[in-house]
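Q: Predicted model, plus sequence, below.
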Amino acid sequence: MSKSLKLFGGALGGAGIVLLSAVNFADRFVTEAPAPKPRVAEAAPAPSAPPAPVAAEAQSGGMLVAAANAEEHSTSAGGFGIGREALPEEVAAWDVNVMPDGTGLPEGSGSVADGEMLFSENCAVCHGEFAEGVGNWPELAGGEGTLADKDPVKTVGSYWPYLSTAWDYVHRSMPFGNAQSLTADETYAIVAYILYSNWLVEEDFVLSRENFLEVEMPNADGFIVDDRPETEYGQWRAEPCMSDCKDSVEITMRATVLDVTPDEGADEAGMSEDQAAAPAPEAAPAEEAAPAAEEVTLAALDPELVAAGEKVFRKCSACHKVGEGAKNGAGPQLNGIVGRTVGGAEGFKYSGAMADHGGVWDEAFLAAFLADPRGTMKGTRMAFAGLKNDADVEAVIAFLKSTEE
């Protein structure tokens, strides 16, 4: 055999060995691509019953997992082919709302007296002993007549239209950090105390499922049904106009006609001639004498005693306001209280005991009341226990005498 044939035969044999190795490798490590999986809607129906562990999980609240492994998979047109309709008992487990008509309320009852203790233990750290609010935590009492103000005080008494909302929220979400720890009876009691703090019930009131709907909320008629889907949606959900939307555009009013220029800082250049020429009115003699009388009255008070009384009054300021612009809150404003008729603050809703008491707040009666409110006036809604220090009582009276009417 020639040398060239030997070389050619060796090369051919080597090529054969390489091809044989390649075929063997492909057979062992390369497989055909799998056929496309059928669409979910074309899948075979799921077994008639889910595995036992899934059913147990559904009973313990694992509803999402149970739904994913449900006994019937929807294959209707347009569906996703998973899940099933929730069972009535599954819906009931999540449907815990209490409705305005009392639907969802459990059996139970709670008194104002029990609610006061429970509120002090569970709620006062945020909402104050008298539901007046602490720091940035919300007020739950007071705010009567403020909804039209620039900064309204929205409380259970002034704003909430339904008592069911208060009960449901307390029961499910409170106290903060320990939600759903209150029993139904404890919730009834706390809500009763909140009502009492807003002076909507008497101190001997007991709230229960039976009398729940008898409680009248002051702002029950302050809300309206949202009819915007019928009255407004059609106006701004239609195709928008992009050109020639109006036949003509005209200026109908100007700022000077609307009188929007602030009065502050205006000089005489902006006044009419009659206004600029008009002399300043002279004060009547009686008006001149009034400040002098006030100065004499305030001068007779000990400034240090007044300052001490102002500090003590901070215990009262959550419910009672004094000074310029003071308004009624959880309690009546106390400007000029010394010498005022008992139960005589205009626009304030007093308890029957206070309204029917009669007489005036002289210093002796005010001192006795500040020391022991409930002992001095049976049936008062004043929840404060009283000032135990005679010096504090004297200081507060001095401070109240210094306030303006």
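A: Okay, I see it. For clarity, every value in this text was computed on a predicted model and none was experimentally measured.

Q: quick one: contacts for S208?
A: G108, S109, G110, Y188 (Cβ atoms under 8 Å, 6 or more residues apart in numbering). (C-beta placed from N, C-alpha, C; glycine too.)

Q: Now render these as a markdown table, adding neighbour count.
A: Shown next, in a markdown table, are those (neighbours: other Cβ atoms under 10 Å):
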| residue | neighbour count |
| --- | --- |
| G108 | 15 |
| S109 | 17 |
| G110 | 24 |
| Y188 | 28 |
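
Q: And those residues, which two are furthest apart?
A: Taking Cβ to Cβ as the measure, the contacts of S208 span a maximum distance of 7.0 Å, between G108 and G110.

Q: Need the residues touching each of those two.
A: By Cβ under 8 Å, 6+ apart, the residues touching both G108 and G110 are D185, T187, Y188, S208.

Q: nearest to K315, of the contacts of S208?
A: For these, the nearest to K315 is G110 (27.5 Å; Cβ to Cβ).

Q: host element of the closest one?
A: For G110, the host element (DSSP states H and E) is strand 109-111.

Q: I'd like the next helix or strand past that strand.
A: Downstream of strand 109-111 (by DSSP H and E), the next one is helix 112-122.

Q: Give me the helices and strands touching that following helix, please.
A: helix 184-197 (3 or more Cβ pairs under 8 Å, 6 or more residues apart in numbering; DSSP states H and E).

Q: Give me the contact list for the strand holding G110.
A: Against strand 109-111 from outside (Cβ under 8 Å, 6+ apart): 185-192, 204-209.

Q: Ok, stretch 382-390 next?
A: 116, 129-130, 197, 312, 315-316, 319, 331, 369-375, 393, 396.

Q: looking at the chain, which helix or strand does the model trust least?
A: helix 52-59 (a mean of 38; mean pLDDT, DSSP states H and E).

Q: Return the residues in contact with the nearest residue to R340 once chain neighbours are set aside.
A: In this structure, R340 finds its nearest non-sequential neighbour in W361, 5.4 Å apart by Cβ to Cβ, 6 or more residues apart in numbering. Neighbouring residues of W361 by Cβ under 8 Å, 6+ apart: I337, V338, G339, R340, T341, V342, F369.

Q: Out of these, the closest to E304 would be?
A: V338 (18.9 Å).

Q: Where does the closest one fall, secondary structure wise?
A: Per DSSP H and E, there is no helix or strand for V338.

Q: show me where the stretch 151-300 of the chain has helices.
A: 163-173, 184-197, 228-231, 233-236, 255-258, 273-277, 285-299 (DSSP state H, counting those that start in this stretch).

Q: can you tell me how far P175 sits from A355?
A: 34 Å (Cβ to Cβ, to the nearest Å).

Q: higher neighbour count, those two?
A: More crowded of P175 and A355, by other Cβ atoms under 10 Å: P175, with 19 against 13.

Q: Wait, the more buried one touches S120, no?
A: No. In this structure, P175 is not within contact of S120 by Cβ atoms under 8 Å, at 11.6 Å.

Q: Any idea how many residues pack against I337?
A: By other Cβ under 10 Å, neighbour count at I337 equals 21.

Q: Surely it touches L366?
A: Yes. Assessed by Cβ under 8 Å, I337 is found in contact with L366 at 7.1 Å.

Q: shared neighbours of these two, anything?
A: Common neighbours of I337 and L366 (Cβ under 8 Å, 6+ apart) are L400.

Q: Can you give me the distance of the closest residue in space to T403 that isn't next to it in sequence to D356?
A: Counting by Cβ to Cβ, 6+ apart, V322 is the residue found nearest to T403 once chain neighbours are left out, at 4.4 Å. V322 sits 25 Å away from D356 when distances are taken as Cβ to Cβ.

Q: again with F212
A: 29 Å.

Q: go on, T231?
A: 49 Å.

Q: Could you list the domains of this structure?
A: 1-31, 40-94, 109-214, 294-401 (automatic domain parsing).

Q: Start and end of the third one, how far apart?
A: The first and final residues of domain 109-214 sit 14 Å from each other (Cα to Cα, to the nearest Å).

Q: Please list all residues in contact with F365.
A: Counted by Cβ under 8 Å, 6+ apart, F365 has contacts V342, G359, T376.

Q: Assign a three-state SS to it, would you?
A: helix (DSSP: H, G, I helix; E, B strand; the rest coil).

Q: any idea of the pLDDT on it?
A: In this model, F365 is scored at 88, pLDDT.

Q: same check, this time on A44
A: The per-residue confidence score, pLDDT, reads 43 for A44.

Q: Likewise for A307?
A: The model's pLDDT for A307 equals 88.

Q: Q275 now?
A: Confidence score, pLDDT, at Q275: 47.

Q: from now on call the first residue 45
A: Got it, the first residue is 45 from now on, which makes the last one we talked about Q319.

Q: what about the closest residue to E151 other than its chain neighbours, how many neighbours?
A: Once flanking residues are discounted, E151 sits nearest to R253: 5.7 Å by Cβ to Cβ, 6+ apart. Number of residues near R253 (other Cβ under 10 Å) recorded here: 15.

Q: do N433 as well
A: Applying other Cβ under 10 Å, I find that N433 has 10 neighbouring residues.

Q: what about the protein, any weak spots by pLDDT?
A: The model of the chain has pLDDT under 70 over residues 45-123, 299-343, 362, 427, 429, 448-449.

Q: again, 90 this time
A: Low-confidence segments of the chain, defined by pLDDT under 90: 45-129, 134-141, 169, 178-180, 220-221, 268-270, 272-449.
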